[in-house]
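Q: the sequence and its predicted three-dimensional model are supplied below.
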Amino acid sequence: MKTKPGIPTISATDLAKMIDHTLLKPEATEQQVYKLCNEAVENGFGAVCVNPCWVKTCVRALEGSNVKIASVIGFPLGATTTSAKRAEAAEALKSGAKELDMVLNIGQLKSGQLNAAMKDMQSLARLAHKNNALLKVILETCLLSDEEKVIACKLAIQAGVDFVKTSTGFSTGGATVEDVALMRETVGPKIGVKASGGIRTYEDAIKMINAGANRIGCSAGVQILKEAKAAE
């Protein structure tokens with residue numbers, strides 16, 4: 001495999017398994033969701049990530065495949081109540097989602113309501129785990145100071161989540177190498193780190209993996225995998 005200095009020797013197959021193939025635009029159509037699922041199967045992606053209304057469509061499209069279905073919760077603001085997030089999550093799980101990408105209550109965190117922010121995550125983590133599913137919590141790092149990012153990661157550990165995730169892709173910025181490194185340094189090996197938002201090339205993906213990400217959320221997965229295969 002041809003690699004540049006600092007680039008790990010990760011196969012295209014292994015990289016594909018780390019990709020959450022994502023379609024979260026509000027104008028996304030059923031046809032586009034089916035296309036997303038077909039691409040995920042063809043490329044061996046680990047999961048698709050969609051809005052809750054498309055979970056059942058993904059179940060039909062992915063029947064018999066190994067591709068998991070992730071649904072976003074409290075997306076993209078994170079400012080709904082815990083009970084609303086639980087209701088949304090419960091329906092997504094019942095519909096067939098095996099992973100939940102929930103947005104942190106950013107306002108609570110920034111207000112110093114740390115226990116409330118932690119309990120919000122914890123409630124969803126327990127619901128997910130009761131249903132043999134994973135919970136990823138989106139921190140929306142572009143809206144947080146480094147100190148707040150560290151606090152959010154520590155609360156996520158306390159809450160029992162499975163992954164911390166950088167971004168929704170719908171705010172003022174996406175994933176950065178620095179944020180991924182800080183998140184990995186804070187959570188250690190205990191939980192996963194998902195880099196998401198603005199990752200469009202193989203080089204972008206590898207930089208995030210080098211920084212500590214073990215999941216990549218992106219809509220450019222097909223192109224990234226083409227570039228990965230070309231590098232082998």
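A: Looks like it came in fine. Quantities reported herein were computed from a predicted structural model and do not represent experimental measurements.
Q: where along this protein do the strands fall?
A: Counting by DSSP state E, residue ranges of the strands within the chain are 19-23, 47-50, 68-73, 99-103, 134-138, 163-165, 192-196, 215-218.
Q: what packs against the second one?
A: Meaning strand 47-50. Judged by 3 or more CB pairs under 8 Å, 6 or more residues apart in numbering; DSSP states H and E, strand 47-50 is in contact with strand 19-23, helix 30-43, helix 55-61, strand 68-73, strand 99-103. For glycine as for every other residue, the C-beta is placed from the backbone atoms N, C-alpha and C.
Q: dump the ones you listed into JSON lines; add mean neighbour count, distance to residue 191 and mean pLDDT as well.
A: As requested, the helices and strands packed on strand 47-50 are exported to JSON lines (neighbours: other CB atoms under 10 Å; distance: least, CB to CB, whole Å; pLDDT from 0 to 100):
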{"stretch": "strand 19-23", "mean neighbour count": "25", "distance to residue 191": "16", "mean pLDDT": "98"}
{"stretch": "helix 30-43", "mean neighbour count": "17", "distance to residue 191": "24", "mean pLDDT": "98"}
{"stretch": "helix 55-61", "mean neighbour count": "18", "distance to residue 191": "24", "mean pLDDT": "98"}
{"stretch": "strand 68-73", "mean neighbour count": "26", "distance to residue 191": "16", "mean pLDDT": "98"}
{"stretch": "strand 99-103", "mean neighbour count": "26", "distance to residue 191": "14", "mean pLDDT": "98"}
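Q: can you put those in CSV and add distance to residue 170?
A: Conversion of the helices and strands packed on strand 47-50 to CSV gives the following (distance: least, CB to CB, whole Å):
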stretch, distance to residue 170
strand 19-23, 11
helix 30-43, 17
helix 55-61, 19
strand 68-73, 10
strand 99-103, 10
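Q: cool, thanks, talk later.
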